[in-house]
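Trainee: Here's my sequence, what's the structure:
(chains A, B, C and D)
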Protein chains: 2
Amino acid sequence: MGRFLGKFDYSVDSKGRVNIPAKFRKALRPEAGDVFVICRAPDGCLRAYPNDLWEQYEAEINSRPETKENSRLKRLIFNSVTDSTLDSQGRITLTPALMAIAGIKKEVVLLGQSRYIEIWEPTRYDEYLGAGEDFDEVFYKSVETMMGNK
Amino acid sequence: MGRFLGKFDYSVDSKGRVNIPAKFRKALRPEAGDVFVICRAPDGCLRAYPNDLWEQYEAEINSRPETKENSRLKRLIFNSVTDSTLDSQGRITLTPALMAIAGIKKEVVLLGQSRYIEIWEPTRYDEYLGAGEDFDEVFYKSVETMMGNK
DNA sequence: CATGCTTCCCCACAATTACCCACAATTACC
DNA sequence: GGTAATTGTGGGTAATTGTGGGGAAGCATG
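Mentor: Residues are numbered from 1 along each chain as shown, chains lettered A, B, ... in the order given. Sure thing, here's the model as predicted:
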């Protein structure tokens, strides 16, 4: 319970609304109160955090020393952060600013990442996954050790 | 108890449902809650992990620092992960995406791998076993490698 | 105060999925 | 070896899900 698994392809309607898979809605803890916090993430995608998890993340950021670098990171993050409550059909709404950052137009990929959800523009997503080492290489290099030992 | 042994040939119906051998269902620990997590595995097959085992794996991934490399690994893994609960007849459901990855159409081979189950397309499975070094070679080589490293 | 624009809430509908039942073949058991 | 339970496979139906759009309720603007 409380985990997001699976890849889903959805469309964005003219109002910027994006469906959240029923599976993910069921995985949402009641503490999150049907609220997602959406922010920009590395490699050109967005992340939707359940509200309760975001609060932990926010606390962690605030606890960092206020160096020049941390201040800049904080401003970059908060510049595009938006919270969105699920509507009665189970959708969230993306702001134009968020869509611009991720290059999202009419289609999105939703990627369950266990504790949060990533939102990608489909083409950008395919290019990201296609670049670099392929699955078997990465698997044998990094995963096998751990899976084998436990 | 709690181990999957044996090779089974089953069919995939029009809804993507695949039977799980009664023997495997009995071996499933109650902590798994009749849930399997199915993901892509090396050499063109799939793996079905009992939920409790998968959760250990997931926790380990989540504990890693968010480096560029780890992020990519995480996305590659989660890209093809789906969880499936046994239905009332003891079957799991494969998504079209998973079937495409493994080249599965109408038939599958289920291979008990002690802690998890591998799912293969029959032809691909036979070719994999037939190609490359034979049993004796691999066996002795593997033992020697272990001796050398210890 | 009226007008336009946006935001939210509700309704509608096609497609998909989950749940249930059925049945033949196999296996277990006495 | 015969009978009863279990197992593997298929399909039908009802509920859910994904998607779109309409209309009321705010909020700024002229």
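
Trainee: Every contact and neighbour count from this point should use C-alpha atoms.
Mentor: Will do.

Trainee: near DNA strand D, which residues of chain A?
Mentor: Chain A comes close to DNA strand D at residues A:9-14, A:18-23, A:89-91, as judged by C-alpha under 7 Å from any atom of the strand.

Trainee: Skipping its backbone neighbours, what lies nearest the residue nearest the centre of chain A in space?
Mentor: Nearest to the mean C-alpha position of chain A, by C-alpha atoms, centre = their mean, lies residue A:47 at 2.1 Å. Nearest residue to residue A:47 in three dimensions, chain neighbours excluded: residue A:118, at 4.4 Å (C-alpha to C-alpha, 6 or more residues apart in numbering or on different chains).

Trainee: Could I get the contacting residues of the one you found?
Mentor: Residue A:118 makes contact with A:45-48, A:109-112 under the criterion C-alpha atoms under 8 Å, 6 or more residues apart in numbering or on different chains.

Trainee: before we move on, which element is it in?
Mentor: strand A:116-120 (DSSP states H and E).

Trainee: List the contacts of the helix with the most length in chain A.
Mentor: Ranked by residue count and defined by DSSP state H, the top helix of chain A is helix A:51-63. Identification of contacts with helix A:51-63 by C-alpha under 8 Å, 6+ apart yields A:31-37, A:74.

Trainee: Pick out whichever of these sits closest to chain B.
Mentor: residue A:74 (16.9 Å; C-alpha to the nearest C-alpha).

Trainee: So residue A:116 is in contact with residue A:48, correct?
Mentor: Yes - Residue A:116 lies in contact with residue A:48 (C-alpha atoms under 8 Å); the separation is 6.0 Å.

Trainee: more neighbours, the two?
Mentor: Neighbours per residue, other C-alpha atoms under 10 Å in any protein chain shown: of residue A:116 and residue A:48, the larger number sits with residue A:48, 25 against 22.

Trainee: Chain A against DNA strand C: which residues are in contact?
Mentor: Counting by C-alpha under 7 Å from any atom of the strand, chain A sits next to DNA strand C at A:15, A:87-89.

Trainee: that older thread, out of the contacts of helix A:51-63, which are buried?
Mentor: Taking 16 or more other C-alpha atoms under 10 Å in any protein chain shown as the criterion, what is buried in these is A:32, A:34-37.

Trainee: Mind checking which of those residues are in strands?
Mentor: Applying DSSP state E to those, the entries found in strands are A:35-37.

Trainee: Turn those residues into CSV, columns for pLDDT and distance to residue A:100.
Mentor: Below are those laid out as CSV (pLDDT from 0 to 100; distance: C-alpha to C-alpha, whole Å):
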residue, pLDDT, distance to residue A:100
A:35, 92, 22
A:36, 94, 19
A:37, 94, 17
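
Trainee: need these in JSON lines with distance to residue A:130, can you?
Mentor: Below are these laid out as JSON lines (distance: C-alpha to C-alpha, whole Å):
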{"residue": "A:35", "distance to residue A:130": "32"}
{"residue": "A:36", "distance to residue A:130": "29"}
{"residue": "A:37", "distance to residue A:130": "28"}
